[in-house]
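>>> Quick one: sequence plus predicted model below, questions after.
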Amino acid sequence: MRRGRIPLTALRSFESAGRLLSFSRAAEELFVTQAAISRQIRELEVLLGTKLFHRHHRAVSLTEPGARLLDRLSDSFDAIADAVDEATAAPVVTELVVSAEPGFAACFLVPRLSRFRALRPDVEVEVLADPHVIEFRASRVDLAIRYDPEVEEVGWPRVDAEPLMASRVTPVLAPSLLASGPPIRKPADLLRHTLLHDDERAGWTTWLEAAGVRGLPQTRGPVFNDHALVIQMAMRGQGVALGDMPLLAEDIAAGRLVAPFTLAIDTGGYWIVAPDLADLVPAARAFADWLKTEAATAQAA
């Protein structure tokens, strides 16, 4: 096909819909209506003489020709974006956008961020708290920190990932609650306290069983969808939380929280995620290296 006849608008709509596997999300990314996306893709299928999508109820999937075309188009659009960036006369990039799990951001990253600022005052860091798998092509994010229950390997698509630190949980509570509440001398004593739950109640069951406490109810207590909220409740003496030890090392060392038992169980780990870890911009490379140093210190503590 001659260059002058290439349907660039339709190809852009297809690439977005194919990458996101959603006509509605493609419409949001390109700031058009879903009907416009559907029309562009239908016209492209007619022009090419082949189906690019299987259309299911409330979902789409790529046909084999669609998948082949998407691979070539995604690489081509990435190359175009790189060429535009190279041609843009812009100052040295000093802004860094980091996406992090909300609990990691609140409990680990934010309390330590001043250290990175002291180390690299030329880099302005913007932190976005987000628990979802990151789609780098559709965002401003340079680097992400994500949690996964697996510690050996993760399968996030179209990204590189390297392990940052393990997640290990143990009961934590405020010193005031330890002093004024029911005594805690053995793990079973925890059941006399309000147990604070992170997402679901299975975590406490797992820890208590590992500590030899079986056959007792562990389903009471409030549930929160954010680890940072659970820890805030614990710090205010509202109950006992299962705290992620590497995230809370400094809070325990400062006496804001107490860990009454040495038993900690592995629950996965945190990962550094980027489109290409070998090709990070200098600011992102500096931040990743600093973060790994902080993580190593926290795990040693």
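Sure, I can see it.
>>> Let me see the ranges of the helices in the stretch 201-301 of the chain.
202-210, 227-235, 245-253, 282-300 (DSSP state H, counting those that start in this stretch).
>>> which parts of the first one are buried?
Neighbour-count burial for helix 202-210 flags 203, 204, 205, 207, 208 (criterion: 16 or more other CB atoms under 10 Å). For the C-beta atoms, the positions are set from N, CA and C on the backbone; glycine is no exception.
>>> State the distance from the closest residue to residue 295 other than its chain neighbours to residue 103.
Leaving aside its chain neighbours, residue 295 sits nearest to residue 165 (4.0 Å; criterion: CB to CB, 6 or more residues apart in numbering). Distance, residue 165 to residue 103, by CB to CB, to the nearest Å: 13 Å.
>>> now do residue 299
Here the criterion is CB to CB. By it, residue 299 lies 17 Å from residue 103.
>>> The two: who's more crowded?
residue 103 (25 against 14; other CB atoms under 10 Å).
>>> Just give the closest residue to that one, not the sequence neighbours.
On the basis of CB to CB, 6+ apart, the spatially nearest residue to residue 103 that is not a chain neighbour turns out to be residue 227, at 3.0 Å.
>>> What count of nearby residues applies to the one you found?
Residue 227: 25 surrounding residues under other CB under 10 Å.
>>> how much space between it and residue 281?
For residue 227, the distance to residue 281 equals 29 Å [CB to CB].
>>> Residue 136 now?
13 Å.
>>> quick one, phi/psi of residue 51?
Main-chain torsions, residue 51, degrees, to the nearest 10: phi -80, psi 140.
>>> Please name the residues that touch the nearest residue to it once chain neighbours are set aside.
Closest residue to residue 51 apart from its sequence neighbours, by CB to CB, 6+ apart: residue 63 at 5.2 Å. For residue 63, the contacting residues are 50, 51, 52, 53, 54, by CB atoms under 8 Å, 6 or more residues apart in numbering.
>>> Repeat that for residue 167.
147, 244, 246, 266, 267, 268, 269, 270.
>>> is it fair to say it lies in a strand?
Yes. According to DSSP: H, G, I helix; E, B strand; the rest coil, residue 167 belongs to a strand.
>>> what is the rounded mean pLDDT of stretch 26-45?
Stretch 26-45 shows a mean pLDDT of 92.
>>> From start to finish, how long is it in a straight line?
The first and final residues of stretch 26-45 sit 17 Å from each other (CA to CA, to the nearest Å).
>>> Which positions in stretch 178-198 come out as buried?
Buried, per 16+ other CB under 10 Å, within stretch 178-198: 178, 181, 184, 187, 190, 191, 193, 194, 195, 196, 197, 198.
>>> swap in stretch 227-247?
For stretch 227-247, using 16+ other CB under 10 Å, the buried residues are 227-235, 237-247.
>>> buried set for the helix or strand encompassing residue 75?
Taking DSSP states H and E as the definition, residue 75 sits inside helix 64-87. By 16+ other CB under 10 Å, the buried positions in helix 64-87 come out as 66, 69, 70, 73, 74, 77.
>>> again with stretch 42-62
Residues 44, 45, 48, 52, 53, 60, 62 are the ones in stretch 42-62 that count as buried (16+ other CB under 10 Å).
>>> ok, the first one - contacts?
Taking CB under 8 Å, 6+ apart as the contact definition, residue 44 lies against 7, 10, 11, 13, 14, 52.
>>> I figured the second one hits residue 43, correct?
Yes. Residue 10 lies in contact with residue 43 (CB atoms under 8 Å); the separation is 5.8 Å.
>>> where in this protein is pLDDT low?
Residues of the chain that meet the criterion pLDDT under 70 lie in 1-4, 88-93, 151-153, 155, 215-219.
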